[in-house]
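A.B. asks: from the sequence below, what's the structure:
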Amino acid sequence: MTYAYLDYAASAPLRPEALEAERSYDASPVAGANPNSLHSMGRAAARELDRARRELAACLGGAFRPSDVTFTSGGTESNNLAVIGLAEGARARDARRRRVVLSAIEHDSVLDLVGPLRDRGFEVELARPDRSGVVGPRALEGLVDASCALVSVMAANNETGVLQPTGELARAAHAAGALFHTDAVQALGHVPLDVADADAVSVAAHKLGGPVGVGALAVRGRAPLRPISFGGGQEQGRRAGTQDVRGALAFAAAARACAATLDRTAAEVAGRARRLAGALCAPGTGIVATTDAERRLPGIVNVMAPGLDSETMILALDQEGFEVSAGSACSSGSLDASHVLLAMGIPREEALGSLRISFDERVGDDVLARLAQALVRIVAERGRSRARR
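C.D. replies: Here you go, the predicted model:
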């Protein structure tokens, strides 16, 4: 069976440009050289790493300097470093800054920091989205004041694809003297980033067609970032550990390829997503959209089939050759509803039947049309079976 992979928001297939960057590195004299060594090969590797840093900084927008970019092992490490490192840095600069505000729809790599932050003596508050999944400046009212060290709200939600007003949120945080970080892991390469006012931006390679295992955190030079790993002083002391030059070059190549065609591909993919959503959520299908937000990532369609569970639909689609994911997590054998959908006010029994279909310009209308036909049929068959019982 030929499978149609439609889980790009989890990890996108490697782009040819990234693969070519890896091959070029492997064939180069600096392959394997440590960019922190003082000898000629080490200095040559450092120049290649700096080239990747310059190219990635240019793709981020927001006037980040190459020296602002710290390479990491991925989005999770970037988010951990940003949230803990900036909160600690802000408090060290001003002892009154002991509150951290996170949105309730963040990725687990941010939300799972609530406990560690509290262990470090911070008060943590969650900003709630509206029913469409948007965390606007009003959600920060009463949470951001002179005691706030950091506000962290993602640029685009990884389940619903809803874009957040990061520029407005950054300005609201700064009005109270707080720092602002955004997790742009899902957004980079798919939409222009609104990060001109952000103090820090997290990104990762594998969401846009780069390799798994490399990410970056862009932090403005004025931001008081404290390291959370130690042992070597690499990356200007922000992140210890020998850098992955090969991965950094492939990341930069993939980001550069996406940036070069962004206007065209974003429009194409958004059109395909609209057609897919229209077919899935047509009257009588029993499938509904999870959000009506106008501003969304072009390649994520998130829907629900109330009365069914996502695990059943994922497995049924897998048997038909379509690979999608759920807006819920299967842990220890028990299926639970997505924290994102619950935070939006969607009832648990409906949220349990959510699906996320994600793709980029490399997936055509023909594949999406076949998926829609398969899912509509599966939901109808399961509905009839449930009615008979």
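
A.B. asks: so where do the strands sit in the stretch 251-389 of the chain?
C.D. replies: Secondary structure of the stretch 251-389 of the chain (DSSP state E, counting those that start in this stretch): strands located at 288-289, 300-304, 322-323, 325-326, 329-331, 334-336, 354-358.

A.B. asks: cool, the stretch 101-250 of the chain as well?
C.D. replies: 123-127, 148-152, 179-183, 200-204, 215-219.

A.B. asks: still on that earlier bit, for the strands of the stretch 251-389 of the chain, which one ends up most surrounded?
C.D. replies: Neighbour counts (mean count of other Cβ atoms under 10 Å) averaged over each of the strands of the stretch 251-389 of the chain peak at strand 354-358, with a mean of 27. To be clear about C-beta, it is placed using only N, CA and C from the backbone, and glycine gets the same treatment.

A.B. asks: who are the packing partners of that one?
C.D. replies: Contacts defined by 3 or more Cβ pairs under 8 Å, 6 or more residues apart in numbering; DSSP states H and E place strand 354-358 against strand 300-304, helix 310-319, strand 325-326, helix 365-388.

A.B. asks: break this structure into its domains for me.
C.D. replies: Per automatic domain parsing, the structural domains of the chain span 16-259, 262-388.

A.B. asks: can you list the helices and strands packed on strand 354-358 in CSV and add distance to residue 212 and mean pLDDT?
C.D. replies: CSV is the format used below for the helices and strands packed on strand 354-358 (distance: least, Cβ to Cβ, whole Å; pLDDT from 0 to 100):
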stretch, distance to residue 212, mean pLDDT
strand 300-304, 19, 97
helix 310-319, 21, 94
strand 325-326, 16, 92
helix 365-388, 23, 88
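
A.B. asks: give me the neighbour count for residue 5.
C.D. replies: Neighbourhood size, residue 5 [other Cβ atoms under 10 Å]: 18.

A.B. asks: for it, give me its contacts.
C.D. replies: Contacts for residue 5 (Cβ atoms under 8 Å, 6 or more residues apart in numbering) come out as 13, 323.

A.B. asks: and the helices and strands packed on strand 354-358, which is most packed in?
C.D. replies: strand 300-304 (a mean of 25).

A.B. asks: and stretch 278-285, how far from the chain's centre?
C.D. replies: 28 Å (Cα atoms, centre = their mean, to the nearest Å).

A.B. asks: of the domains of the chain, which is nearest residue 8?
C.D. replies: domain 262-388 (4.4 Å; Cβ to Cβ).

A.B. asks: pull out the buried positions in stretch 39-47.
C.D. replies: Across stretch 39-47, burial judged by 16 or more other Cβ atoms under 10 Å covers 44, 45, 46.

A.B. asks: sorry, back to before: save the strands of the stretch 101-250 of the chain as TSV, and put in distance to residue 7 too.
C.D. replies: As requested, the strands of the stretch 101-250 of the chain are arranged in TSV below (distance: least, Cβ to Cβ, whole Å):
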stretch	distance to residue 7
strand 123-127	27
strand 148-152	25
strand 179-183	19
strand 200-204	15
strand 215-219	19
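
A.B. asks: and residue 348, which of these is closest to it?
C.D. replies: Across the strands of the stretch 101-250 of the chain, closest to residue 348 is strand 123-127 (Cβ to Cβ), at 18.0 Å.

A.B. asks: chain center to that closest one: distance?
C.D. replies: 20 Å.

A.B. asks: just to revisit the earlier point, deepest of the domains of the chain, which one?
C.D. replies: Most buried of the domains of the chain by mean neighbour count (mean count of other Cβ under 10 Å) is domain 16-259; its value is a mean of 21.

A.B. asks: now the helices: where do they sit in this protein?
C.D. replies: 16-27, 40-60, 75-93, 108-111, 114-119, 166-175, 245-260, 262-280, 310-319, 339-343, 348-351, 365-388 (DSSP state H).

A.B. asks: can you give me phi and psi for residue 121?
C.D. replies: Dihedral pair for residue 121: phi 90, psi 10, per degrees, to the nearest 10.

A.B. asks: returning to what we had before: reformat the helices and strands packed on strand 354-358 as CSV; add distance to residue 27.
C.D. replies: What follows is these, written out as CSV (distance: least, Cβ to Cβ, whole Å):
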stretch, distance to residue 27
strand 300-304, 37
helix 310-319, 38
strand 325-326, 36
helix 365-388, 34
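
A.B. asks: and residue 368, how far is that from residue 292?
C.D. replies: Separation of residue 368 from residue 292 (Cβ to Cβ, to the nearest Å): 20 Å.

A.B. asks: do the same with residue 74
C.D. replies: In this view, residue 74 and residue 292 are 32 Å apart by Cβ to Cβ.

A.B. asks: and the closest residue to residue 73 other than its chain neighbours, how far is that from residue 302?
C.D. replies: Spatial nearest neighbour of residue 73, chain neighbours left out: residue 213 (5.9 Å); criterion: Cβ to Cβ, 6 or more residues apart in numbering. Using Cβ to Cβ, we find residue 213 at a distance of 27 Å from residue 302.

A.B. asks: and what of residue 54?
C.D. replies: For residue 54, the distance to residue 302 equals 35 Å [Cβ to Cβ].

A.B. asks: kindly report the same for residue 12.
C.D. replies: According to Cβ to Cβ, residue 12 stands 17 Å off from residue 302.

A.B. asks: go on, residue 165?
C.D. replies: Distance of residue 165 to residue 302, computed by Cβ to Cβ: 19 Å.

A.B. asks: was I right about the residue nearest to residue 73 contacting residue 74?
C.D. replies: Yes. Taking Cβ atoms under 8 Å as the definition, residue 213 is a contact partner of residue 74 at 6.1 Å.

A.B. asks: picking up where we left off before, nearest to residue 283, out of the helices and strands packed on strand 354-358?
C.D. replies: helix 365-388 (11.6 Å).
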